[in-house]
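**Q** Quick one: sequence plus predicted model below, questions after.
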Amino acid sequence: MSFDIDVRRQLGETEIACRIEPGAGVTVLFGPSGAGKSSVLNMVAGLLPPDAGHIRVGGRTLFDAAAGLDLKPEARRAGYVFQEPRLFPHLRARANLLYGWRRAAAVDVDGVIALLGIAHLLDRWPRTLSGGEAKRVAIGRALLTGPDFLLLDEPLASLDRPRREEILGLLERLRDDIGLPILLVTHDRGEAERLGDRIVPFGD
Amino acid sequence: MLSAEEWGIVLLSLKVGGVAVLAVLPVAFALAWLLARVRFPGKLLLDALVHLPLVVPPVVTGWMLLLAFAPAGPIGSLLERGLGTTVLFRWTGAAIAAGVMALPLMVRAIRLSLEAVDQRLEQAARSLGAGPVRTFATVTLPLALPGVLAGLVLGFARALGEFGATISFVSNVPGETQTLPLAIYSALQVPGGEGQVLRLAAVSIALAFVALLASELVARRTGRGTHVL
């Protein structure tokens, strides 16, 4: 169960090329801001079509230019936590959490809510949540879809220090308890080394 | 207060305006979607065409409708042969005139609201397993709703006030095409009609005011939290 990625995509002047060999645990894509790391996650999630290459996760092919295969984003079973929470502003936290909940995946809803410590936030509107709270709801929303793998885009960015520790501990628990393949993007070396089993340098 | 005849005028105006905006809403939404979200050749042309009724003299718009819907016209002949009916001198014709005049305002309002919907939220919905239809129904549409309502109210107000296109397209027939502005115009031509003008004008202002208030209230209710990402 891991990522096997080799994609290329021209975006304006810059070419984004990324190659990740299969390997166990948390894969960290590490590089400076603006290098196109988020674009790689978007390609894995199916939100940005690569020009060439392939994307396989846990033996399942999501994209293969040579074979003309390109799964739609809703069919990829990615648990994508964006850099901004992207909570739906017209839905309360509870409805946000359950938006992509797949009963068939037999996800333990109460367990996830307890793990994230968000039981007291369920009736709140997203705009009333702090950055850390919104981030936790966003992570919960991704987990409740019963994803095959997680994509985390700068999960600690724009959080103050106590929140960072809180989310960092949470991510470590996710990694150890749930055991899903995780592809994490960051520009922070400390974060990369603490969370990553493998670090893939990206950009210059 | 209002006489029975004047009540008839008010109700006819509400019917014409209401039917006009409700019938035009799906068209306006589709056009707004095309202009806001789709790239295609000739987009500028379509944009200009949609906005034409806003800048062309309404009388000209009415005259062009008359050409199209006359018994020998391209649409009129179809209606006559297909359904054995006509819209000339009928309230349905008045509704068509009002709808055409309201269209640009509705398209503008809906287009702006669609452009304001953060497409990153739609991406989030897709990655959470929602297909394009569910994403549209549960994310795009609710977030664009205040703009759609604003478009409806603007269009309704415009339809209630429609004069030039209506009078040149379906004439000024009491009880059939004589809406508020046309009735006020007729009353102005009659010596001693000032009382009726005053009452009908007051009703026009009251209707516009209530429509604006109602749309603001609905937008506030549905707009809970929609202003913050």
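**A** Thanks, I have the structure now. Keep in mind it's a predicted model, so treat the numbers as computed, not measured.
**Q** all contacts plus neighbour counts: C-alpha atoms, from now on.
**A** OK.
**Q** Would you mind measuring from the closest residue in space to B:Gly76 that isn't next to it in sequence to chain A?
**A** Using CA to CA, 6 or more residues apart in numbering or on different chains and skipping the chain neighbours, the partner closest in space to B:Gly76 is B:Phe69 (3.8 Å). Taking CA to the nearest CA, to the nearest Å as the measure, B:Phe69 falls 44 Å from chain A.
**Q** can you tell me which residues contact B:Phe69?
**A** Contacts for B:Phe69 were tallied using CA atoms under 8 Å, 6 or more residues apart in numbering or on different chains; they are B:Ile75, B:Gly76, B:Ser77, B:Thr86, B:Val87, B:Leu88.
**Q** Need the three-state assignment for the last one.
**A** Using DSSP: H, G, I helix; E, B strand; the rest coil as the criterion, the local structure at B:Leu88 reads coil.
**Q** Phi and psi next, for the residue nearest to B:Gly76.
**A** phi -100, psi 0 (degrees, to the nearest 10).
**Q** Let me know the pLDDT of it.
**A** Looking at B:Phe69, its pLDDT stands at 95.
**Q** Of the contacts of B:Phe69, keep whichever come out buried.
**A** Burial by neighbour count, judged by 16 or more other CA atoms under 10 Å in any protein chain shown, picks out B:Ile75, B:Gly76, B:Ser77, B:Thr86, B:Val87, B:Leu88 from those.
**Q** TSV please, covering those residues and showing pLDDT and distance to B:Val139.
**A** Formatted as TSV, the buried ones among the contacts of B:Phe69 follow (pLDDT from 0 to 100; distance: CA to CA, whole Å):
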residue	pLDDT	distance to B:Val139
B:Ile75	93	38
B:Gly76	92	40
B:Ser77	92	43
B:Thr86	89	41
B:Val87	92	39
B:Leu88	92	42
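**Q** Present those as JSON lines; the columns should include distance to B:Trp7.
**A** Formatted as JSON lines, the buried ones among the contacts of B:Phe69 follow (distance: CA to CA, whole Å):
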{"residue": "B:Ile75", "distance to B:Trp7": "33"}
{"residue": "B:Gly76", "distance to B:Trp7": "31"}
{"residue": "B:Ser77", "distance to B:Trp7": "34"}
{"residue": "B:Thr86", "distance to B:Trp7": "26"}
{"residue": "B:Val87", "distance to B:Trp7": "23"}
{"residue": "B:Leu88", "distance to B:Trp7": "23"}
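**Q** which ones are touching whichever residue of chain B sits closest to chain A?
**A** Proximity of chain B to chain A (CA to the nearest CA) peaks at B:Gly129, 3.9 Å away. Listed by CA under 8 Å, 6+ apart, the contact partners of B:Gly129 are A:Pro73, A:Glu74, A:Ala75, A:Arg77, A:Gly100, A:Thr145.
**Q** Also A:Ile167?
**A** Residues in contact with A:Ile167 (CA under 8 Å, 6+ apart) are A:Gly132, A:Arg136, A:Pro155, A:Leu156.
**Q** With B:Asp47 instead?
**A** Contact partners of B:Asp47, counting by CA under 8 Å, 6+ apart, are B:Leu35.
**Q** Please report the distance of it from B:Phe29.
**A** Note on B:Asp47: its distance to B:Phe29, by CA to CA, to the nearest Å, is 13 Å.
**Q** Model confidence score at A:Thr14, please.
**A** According to the prediction, A:Thr14 has pLDDT 86.
**Q** again but with A:Ala104, I slipped
**A** So, for A:Ala104, pLDDT stands at 70.
**Q** Check the offset of the longest helix anywhere in chain B from the chain's centre.
**A** Using DSSP state H to assign secondary structure, the helix with the most residues in chain B is helix B:4-37. Offset of helix B:4-37 from its chain centre (CA atoms, centre = their mean, to the nearest Å): 4 Å.
**Q** Likewise for stretch B:94-102?
**A** Relative to the centre of its chain, stretch B:94-102 is centred 6 Å away, using CA atoms, centre = their mean.
**Q** before we move on, back to that, so which of the contacts of A:Ile167 is the most crowded?
**A** A:Pro155 (25 neighbours; other CA atoms under 10 Å in any protein chain shown).
**Q** Any figure for the gap between the residue of chain B closest to chain A and B:Phe209?
**A** According to CA to CA, B:Gly129 and B:Phe209 sit 44 Å apart.
**Q** got it, and A:Ala24?
**A** For A:Ala24, the distance to B:Phe209 - CA to CA - is 66 Å.
**Q** can you list the weak-confidence ranges in chain A?
**A** For chain A, the stretches with pLDDT under 70 are A:1, A:204.
**Q** What parts of it come near chain B?
**A** When proximity is defined as CA under 8 Å from any CA of the partner chain, chain A approaches chain B at A:45-47, A:73-80, A:86-90, A:99-100, A:125-127, A:142, A:145.
**Q** Next secondary structure after the stretch of helix or strand B:Leu67 belongs to?
**A** Here B:Leu67, judged by DSSP states H and E, is contained in helix B:58-69. Per DSSP H and E, the first helix or strand lying C-terminal to helix B:58-69 is helix B:74-83.
**Q** Just name whatever secondary elements that next one is in contact with.
**A** Contacts defined by 3 or more CA pairs under 8 Å, 6 or more residues apart in numbering or on different chains; DSSP states H and E place helix B:74-83 against helix B:58-69.
**Q** in the helix or strand where B:Ala208 lies, what's buried?
**A** Here B:Ala208, judged by DSSP H and E, is contained in helix B:194-222. For helix B:194-222, the neighbour count (16+ other CA under 10 Å) marks B:Gln196, B:Val197, B:Leu200, B:Ala201, B:Val203, B:Ser204, B:Leu207, B:Ala208, B:Ala211, B:Ser215, B:Glu216, B:Ala219 as buried.
**Q** ok, now stretch A:185-197?
**A** Neighbour count says stretch A:185-197 has A:Val185, A:Thr186, A:His187, A:Glu191, A:Ala192, A:Leu195, A:Gly196 buried, by 16+ other CA under 10 Å.
**Q** ditto for stretch B:111-130
**A** Applying 16+ other CA under 10 Å to stretch B:111-130 flags B:111-114, B:117, B:121-130 as buried.
**Q** Give me the subset of the residues of chain A next to chain B lying in helices.
**A** Using DSSP H, the residues of chain A next to chain B in helices are A:Ala45, A:Ala142.
**Q** neighbours around A:Arg164, how many?
**A** Neighbour number of A:Arg164 under other CA under 10 Å is 17.
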